[in-house]
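1. have a look at this fold, sequence not included:
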Ligand code: 13P
């Protein structure tokens, strides 16, 4: 991470919270969490709740927002889909690509994820590219291979733009299992080396790499102390304003 990049605390709400709940959350969270100039906070509500969330946080420019997924094409006859350009019109900063739930449930493979990252960059939004291994892959000793394959596919299709990545071991998502600080540190090092291999030293040094998978108030400080962890992508523990506020306000120690 460059000296200028601030740690990022991101909330992935998945398919939770309609517009009414998103607005209610925004009100509670705004009163519980005061802006911290040394960090960034971003929310990924369901697409239908984005506008309500953005409106409800108008007075809080420190609270950023993004979309959980976009279609890989600019526009067209794709019923139910949303393009990156449309998402950009709502006043967002970010877009996720390649979340493991998209890869598993909707067949987003490396080629599709790469195409989505390109559309996101074209739209002016910033992609957060999600990568990570399943338990079977980890147990088969394929951690590096899987991460390198996922990273190289994306790097081969973009033009050297600096990217944000989220390393989310699939076995730690929604399971209560968290990668140990050592496991997270090792994986983040593999990710940064793979970026170096696929895109060069400058891209690797400037890459922001988040950790995701059962992050909670009880483990956030330990995880943020791991060298190479530049922030977190939080699922379940981001749904309650008090819990997520305490994660975002965690001590960053000597970072
Ligand atoms: P949990 O924090 O619920 O494990 O989810 C992690 C995740 O998938 C964030 O994108």
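-> Yes, it's here. Quick caveat: nothing in here was measured; it's all calculated off a predicted structure. Numbers count the residues shown, from 1 in each chain.

2. who's residue 94 bridged to?
-> Applying DSSP bridges to residue 94 gives these bridge partners: residue 66, residue 126.

3. so is the helix or strand where residue 245 lies next to the ligand?
-> Assigned by DSSP states H and E, residue 245 falls within helix 241-248. No. Counting by Cβ under 6 Å from any ligand atom, the ligand is not contacted by helix 241-248; separation bottoms out at 10.1 Å. In short, each C-beta sits where N, CA and C put it, glycine included.

4. confirm residue 232 sits in a strand?
-> Yes. Membership of residue 232 in a strand is supported by DSSP: H, G, I helix; E, B strand; the rest coil.

5. packing partners of the biggest helix by length in the chain?
-> Secondary structure of the chain per DSSP state H: the longest helix is helix 181-199. Secondary-structure packing of helix 181-199 (3 or more Cβ pairs under 8 Å, 6 or more residues apart in numbering; DSSP states H and E): helix 143-157, strand 164-167, helix 201-206, strand 208-212, helix 220-224.

6. for it, buried residues please.
-> Across helix 181-199, burial judged by 16 or more other Cβ atoms under 10 Å covers 181, 183-188, 190-192, 194-195, 198-199.

7. adding pLDDT as columns, could you present those residues in CSV?
-> Listed next are the buried residues of helix 181-199 as CSV, based on pLDDT from 0 to 100:
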residue, pLDDT
181, 93
183, 94
184, 95
185, 96
186, 96
187, 97
188, 97
190, 97
191, 97
192, 97
194, 96
195, 97
198, 91
199, 89
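
8. tell me the one of the residues you listed nearest residue 24?
-> Nearest to residue 24 among the buried residues of helix 181-199, counting by Cβ to Cβ, is residue 184 at 32.7 Å.

9. and the residue of the chain found nearest the ligand, what does it touch?
-> Residue of the chain nearest the ligand, by Cβ to the nearest ligand atom: residue 235 (2.3 Å). The contact partners of residue 235, by Cβ atoms under 8 Å, 6 or more residues apart in numbering, come to 12, 13, 14, 173, 174, 212, 215.

10. per-residue pLDDT, the first one?
-> At residue 12, the model reports a pLDDT of 98.

11. can you tell me the closest non-neighbouring residue to it?
-> residue 44 (4.7 Å; Cβ to Cβ, 6 or more residues apart in numbering).
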